[in-house]
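**Q** Please work out how this folds:
(one chain, ligands or ions: 2)
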Amino acid sequence: MAPHSSTFGTVAVIGAGSWGVSLALQALRAGNRVQLWSRTPPPFMKAANNNSVKVERRMPRLPEFILPEAITVTSDFAEVQEAELYLLTMPLQALRSILPHLPHEKPYVICCKGIENPSMDLPSKIVSSIHPKALAAVLSGPNFAREIAQGLPAASVIAHHNSAFAAQIAYTLSSEFFRLYTSTDPNGVQLCGAAKNVFAIAAGILDGAKLGDNARAAMISRAINELKALTIAMEGRVETLYGLAGIGDLVLTCTGPSSRNYSLGIALGQGITPQDYLAQHTTVAEGAYTAPALQLMALQYGVDMPITQTICAVLNGGISVEDSIKALFARPLKAE
Ligand SMILES: NC(=O)C1=CN([C@@H]2O[C@H](COP(=O)(O)OP(=O)(O)OC[C@H]3O[C@@H](n4cnc5c(N)ncnc54)[C@H](O)[C@@H]3O)[C@@H](O)[C@H]2O)C=CC1
Ligand SMILES: O=C(CO)COP(=O)(O)O
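**A** Numbering: from 1, shown residues only. Ligands and ions are numbered 1, 2, ... in the order given. Model prediction:
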């Protein structure tokens, strides 16, 4: 199958971490012209600016991939103002500070996952507060960046209230082995993408503490229950939970050793403190920042989310892993 033809001229990918680099490669594969904005100029740009020895076009977060010349890399917002579609791939907590540098009325695709702390805002709310006239779709699903960069088969969801806009984005970014389904539930998709990072920390803790496969499966099932209760309280669509952005991403991140959130959990389960782990790992584990915001949301909507609460307490250093598991199991028995 030939790549779908793009309905946008140039796609600008804003953020050059592992997800930004992968989506830049994917957008190119899907037949688009692509620009990549990186906060820090990568080594090959610095070398070119200094007229020093030619350095291969590799980005620090995914150094095994050489960027084709067709992807223009810049650290200057002025150079991405003429793009026709913007993919937002920075860490969620940086989204609000970057948006003012981008145009007001162009279409956006939110690719970061999380809830802003302490505002409790989902990314689409942050975008609409700064660019109220912009259309902003959400991309979320079970997609480890490295596999997307390799072109391995994967599927994901593009969500927007306007299904025609979602379909236009899906055609723009899909290719032979990257299949995008559309959804008209952007809030549900964002909530799932944010919450699964918190539950991935929980899965990692169980595995790091060697508490067994049964414990992990039980946690994933009860996590779905927490998310379902919150979704219902927020008048969201429960069926979104059972799709790629929900169960799909939850299962991937709670079982895939390449997940940063799961890896953070493994370290916590082995007795490493969150402060020590986060100080040594600069790559983003969004769940650590989303957990307190998710807990606040649960409080606001009056929903009991014991796993989320426990992860917050462990991240705060307020309880040991051992005591947190004891406390979860000491809760009164109840109907499923
Ligand atoms: N890596 C993955 O497999 C996937 C990641 N995501 C989401 O994409 C977002 C970005 O994640 P990654 O690219 O994996 O992170 P990363 O840790 O690989 O890279 C983060 C990048 O953002 C830059 N950065 C940090 N603070 C910044 C700021 N204030 N302003 C501008 N740039 C800043 C860093 O220099 C780095 O280049 C996260 O929300 C993550 O949940 C979503 C799907 C897959
Ligand atoms: O969102 C992801 C996979 O869908 C990436 O997960 P991590 O951020 O935990 O690595």
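
**Q** The residue of the stretch 1-150 of the chain found nearest ligand 1: how many residues sit nearby?
**A** Here the residue of the stretch 1-150 of the chain nearest ligand 1 is residue 17; by CB to the nearest ligand atom that distance is 1.9 Å. Where you see a C-beta, it was placed from the backbone N, CA and C, and this is true even at glycine. Neighbourhood size, residue 17 [other CB atoms under 10 Å]: 21.

**Q** Excluding residues flanking it in the chain, which one is nearest residue 236?
**A** residue 188 (4.5 Å; CB to CB, 6 or more residues apart in numbering).

**Q** Any buried residues in the strand or helix carrying residue 126, and which?
**A** Per DSSP states H and E: residue 126 is located in helix 123-130. Neighbour counts over helix 123-130 (16 or more other CB atoms under 10 Å) mark 123, 124, 126, 127 as buried.

**Q** for those, which one is nearest ligand 2?
**A** For these, the nearest to ligand 2 is residue 123 (13.3 Å; CB to the nearest ligand atom).

**Q** pLDDT score for that closest one?
**A** We note a pLDDT of 98 for residue 123 in this prediction.

**Q** For it, give me its contacts.
**A** Counting by CB atoms under 8 Å, 6 or more residues apart in numbering, residue 123 makes contact with 88, 92, 95, 110, 112, 114, 116, 136, 138, 190.

**Q** Name the nearest residue to the most centrally placed residue in the chain, ignoring sequence neighbours.
**A** What sits nearest the mean C-alpha location of the chain, by CA atoms, centre = their mean, is residue 113, with 3.1 Å. Excluding the flanking residues, the one nearest residue 113 by CB to CB, 6+ apart is residue 193, at 3.9 Å.

**Q** Provide the backbone phi and psi angles at the one you found.
**A** phi -60, psi -30 (degrees, to the nearest 10).

**Q** What count of nearby residues applies to residue 279?
**A** Neighbours around residue 279, by other CB under 10 Å: 9.

**Q** For it, give its distance to residue 138.
**A** 31 Å (CB to CB, to the nearest Å).

**Q** now residue 244
**A** Residue 244 is 12 Å from residue 138, by CB to CB.

**Q** which residues do the two both contact?
**A** residue 157.

**Q** between those two, who's got more neighbours?
**A** residue 138 (30 against 23).

**Q** domain assignment for the protein?
**A** 10-184, 194-329 (automatic domain parsing).

**Q** now the shortest one, how far from the centre of its chain.
**A** When distances are taken as CA atoms, centre = their mean, to the nearest Å, domain 194-329 is centred 14 Å away from the chain's centroid.

**Q** so which pair among the buried residues of helix 123-130 is furthest apart in space?
**A** 124 and 126 (7.3 Å; CB to CB).

**Q** show me where the protein has strands.
**A** Applying DSSP state E to the chain gives strands spanning 10-14, 33-37, 71-74, 85-88, 108-110, 136-140, 154-159, 178-183.

**Q** Spell out which parts of the stretch 1-150 of the chain neighbour ligand 1.
**A** Neighbours of ligand 1 within the stretch 1-150 of the chain, by CB under 6 Å from any ligand atom: 15-20, 39-40, 61, 89-92, 94, 97-98, 111-114, 143-145.

**Q** Alright, I will stop here.
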